[in-house]
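*Asks:* Provided below are the primary sequence and the corresponding predicted coordinates.
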Amino acid sequence: MPSLQSSIGPIPSTPRSVLIGEGTSSINGVTLSAGYLLIGTNADPVAGRLSSTSYINVTSSSGFISISSVLIPSITYTISEAYNQSGLGGGSVGTTKTVSSKSVSIFNSTTLNSNSAGFLGAGFDGRYVYFVPNQSGTITRYDTSLPFSYSNSYAIFNAVNFVNSNCLGYAGAAFDGKYIYYIPSTNGQITRFDTTLSFSSSSSYAVYNLVTNINSNAYGFYGAGFDDRFIYFVPNSNSTLSGLIVRYDTINSFTALTSYASFDTSILINSNCKGFRAASYDGRYIYFAPDTTGVFLSYDTSTSFSLSASYAFFDLGANVNSNSKGFRGIVYDGRYIYLIPYSIATSTGQITRYDTTLPLTSPSSYLTFDTTANVNSNSKGFIGGVFDGKYLYLVPNNGGTSGQLTRYDTTQSFATAASYLVYDTAAMNSNSKGFMGGIYDGRYVYLVPMNNGARFGQIARIHAYSGLNLSPGPLSSAPNGFSVGTYTTAPSNSLVVSGRVGIGNQTPAYPLDVAGNIAVSSAGSGFCVKEGSNAKMGVATLSGGTATINTTAVTANSRIFLSNQSPGGTPGIVYVSARNPGTSFTITSTTLLGGDSSTIAWILFEPA
């Protein structure tokens, strides 16, 4: 990332939170509106403000925000769609969790509505899980703040009947902080739901047909990736294997032609760059999971979408392992990309892992591990994966016959059988099998029911790891801190960011760029500015009624504030008598003949 897209869901038992996102949520009795960052406790945030019970120390020379563990002793959070791309891959970051009948719950949504079945992927908006209908248009929503087995925790909406007859045949969903997007598989019509409005009102939904407006081949997608601004619709098959990626700019009109762009990787990159299933984002690159061809594709989001040089590809089957293909899902854990194995000629359990700190096109950047051969003979045929900050969950399908979940502890050796655990949800209920996708809400992982011989609606929920140790860049080694960007370590109970942070601003120009007011709501707290060589703040003692301040920080536009800290001699009124931008400025007293020897504090501000 470089930037962190997140939503607020249930917070594990702790009174302090870090909340980042858009929308409105209520956490610990505090209601938060769009565009906020809350740190600490007993804060009263409002839209566009930074409210904190302790100060944030920004060190401009290092270019990152450091939140001291002394100031904020405990932080918890949840992460949603940014790391649960399409409900087919994903995560957030406790204690070590076992998986057993005590930690797994099952609910059959067809008891609510017979059409609440046959889902492919899911979306999460910070409170609600949206189960994505594949064949029908019946969307099922679960309120994660309410009991899992309580029928009133669920809502049903038939988009075919109340929005548009083409609101069906989806494969995955994406969340951009406000809207849930249902990804079109059988046709090219995107359906978008405004999560700030009523779930059951047709006016809360909008549709846009990619086939009609963008490209006649813009259909047959399987999941989507989101990079904090753009949604990338993953091409799978539109009667033949497709490489046509469609990208939507979420800050522009949903129904404007200019909000969309397309790029056919099978034509412009490589003829085998096609037939993908799911995507994931590591903060800079969008990765596309290859199914049939085994050709792994990445796009550099910092460069032009329409430029061939922005893409890289690597044939995993030819260069890593002949079984490194047939994937249906992709997950990023903060450093590694995991390609989720489904089937080649028969079901497979060979996971392929890519180290994102190494070149995409080097065989040494990859490892493989066969769970079928080394863990359990039934550990195979997965569709989708979920990351909860510690564990990678491989979602069981195997042609609709398997309910055996396989879980990998990402803190342990990848190629060691002891790092893996299996649990057969069908042992609890014989119908609990044939899932397609999963999603994490900050506390639980949900397995999405699709087809176990027939379309079914039996959701399986697993109590997951809900500690704090997630970064969009390489994971911190600290148990209670996380990093964003290129930093690989973070002190306990801290957040470190290697790039820029924008609050209410999607294009930050500074390490911290706030579009709005900054409120320090705790008495005794405030802002700290480093003094020293070439600083923005300091003190100087007048000699002969004058002092020259050597600092490269002064500009032609600097607003220079002066204050007499310790009067000396015959104090006068001090003012800035000269400035040399990028070099120095001069403080002079009105006391003539040099009788003023006071100590003067100064600080520089720049207009935004």
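*Replies:* Received the coordinates, thanks.
*Asks:* where do the helices sit along the stretch 101-250 of the chain?
*Replies:* 159-162, 210-213 (DSSP state H, counting those that start in this stretch).
*Asks:* Rebuild those as a markdown table, extending it with mean neighbour count.
*Replies:* (Each C-beta comes from the backbone N, C-alpha and C, glycine too.) Below are these laid out as a markdown table (neighbours: other CB atoms under 10 Å):
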| stretch | mean neighbour count |
| --- | --- |
| helix 159-162 | 17 |
| helix 210-213 | 16 |
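*Asks:* Kindly reformat the ones you listed as JSON lines and extend each row with distance to residue 350 and mean pLDDT.
*Replies:* As requested, the helices of the stretch 101-250 of the chain are arranged in JSON lines below (distance: least, CB to CB, whole Å; pLDDT from 0 to 100):
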{"stretch": "helix 159-162", "distance to residue 350": "38", "mean pLDDT": "96"}
{"stretch": "helix 210-213", "distance to residue 350": "34", "mean pLDDT": "96"}
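*Asks:* Of all those helices, which one comes closest to residue 135?
*Replies:* Residue 135 lies closest to helix 159-162 among the helices of the stretch 101-250 of the chain, at 10.6 Å (CB to CB).
*Asks:* picking up where we left off before, do you know which of the helices of the stretch 101-250 of the chain lies nearest residue 453?
*Replies:* Closest approach to residue 453 among those is made by helix 159-162 (24.3 Å; CB to CB).
*Asks:* pLDDT weak spots in the stretch 251-400 of the chain?
*Replies:* Along the stretch 251-400 of the chain, no part satisfies pLDDT under 70.
*Asks:* hang on, the earlier thing: TSV for the helices of the stretch 101-250 of the chain, including distance to residue 314?
*Replies:* Formatted as TSV, the helices of the stretch 101-250 of the chain follow (distance: least, CB to CB, whole Å):
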stretch	distance to residue 314
helix 159-162	39
helix 210-213	28
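*Asks:* dump the residue contacts of residue 585.
*Replies:* For residue 585, the contacting residues are 548-549, 551, 554, 558, 560, 576, 578-579, by CB atoms under 8 Å, 6 or more residues apart in numbering.
*Asks:* Also residue 584?
*Replies:* By CB under 8 Å, 6+ apart, the residues touching residue 584 are 548-551, 554.
*Asks:* ok, of these, which come out buried?
*Replies:* Buried members of the contacts of residue 584, scored by 16 or more other CB atoms under 10 Å, are 549, 551, 554.
*Asks:* Please give the element, helix or strand, for the last one.
*Replies:* This points to residue 554. Residue 554 belongs to no helix or strand when assigned by DSSP states H and E.
*Asks:* just to revisit the earlier point, any idea which of the contacts of residue 585 is closest to residue 415?
*Replies:* Among the contacts of residue 585, residue 551 lies closest to residue 415 (CB to CB), at 54.5 Å.
*Asks:* Hmm, that closest one is touching residue 535, no?
*Replies:* Yes - using CB atoms under 8 Å, residue 551 is in contact with residue 535, at 6.1 Å.
*Asks:* picking up where we left off before, mind giving me JSON lines with the contacts of residue 584 and columns for secondary structure?
*Replies:* Converted to JSON lines, those look like this (DSSP: H, G, I helix; E, B strand; the rest coil):
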{"residue": "548", "secondary structure": "strand"}
{"residue": "549", "secondary structure": "strand"}
{"residue": "550", "secondary structure": "strand"}
{"residue": "551", "secondary structure": "coil"}
{"residue": "554", "secondary structure": "coil"}
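*Asks:* wouldn't residue 402 be in contact with residue 378 here?
*Replies:* Yes - between residue 402 and residue 378 there is a contact at 6.3 Å, judged by CB under 8 Å.
*Asks:* Helices along this protein, start to end?
*Replies:* Remark: helices assigned in the chain by DSSP state H are 159-162, 210-213, 265-268, 316-319, 371-374.
*Asks:* Same list, these, but as a markdown table with distance to residue 524 please.
*Replies:* Converted to a markdown table, those look like this (distance: least, CB to CB, whole Å):
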| stretch | distance to residue 524 |
| --- | --- |
| helix 159-162 | 53 |
| helix 210-213 | 55 |
| helix 265-268 | 56 |
| helix 316-319 | 57 |
| helix 371-374 | 54 |
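*Asks:* Right, I'll leave it there.
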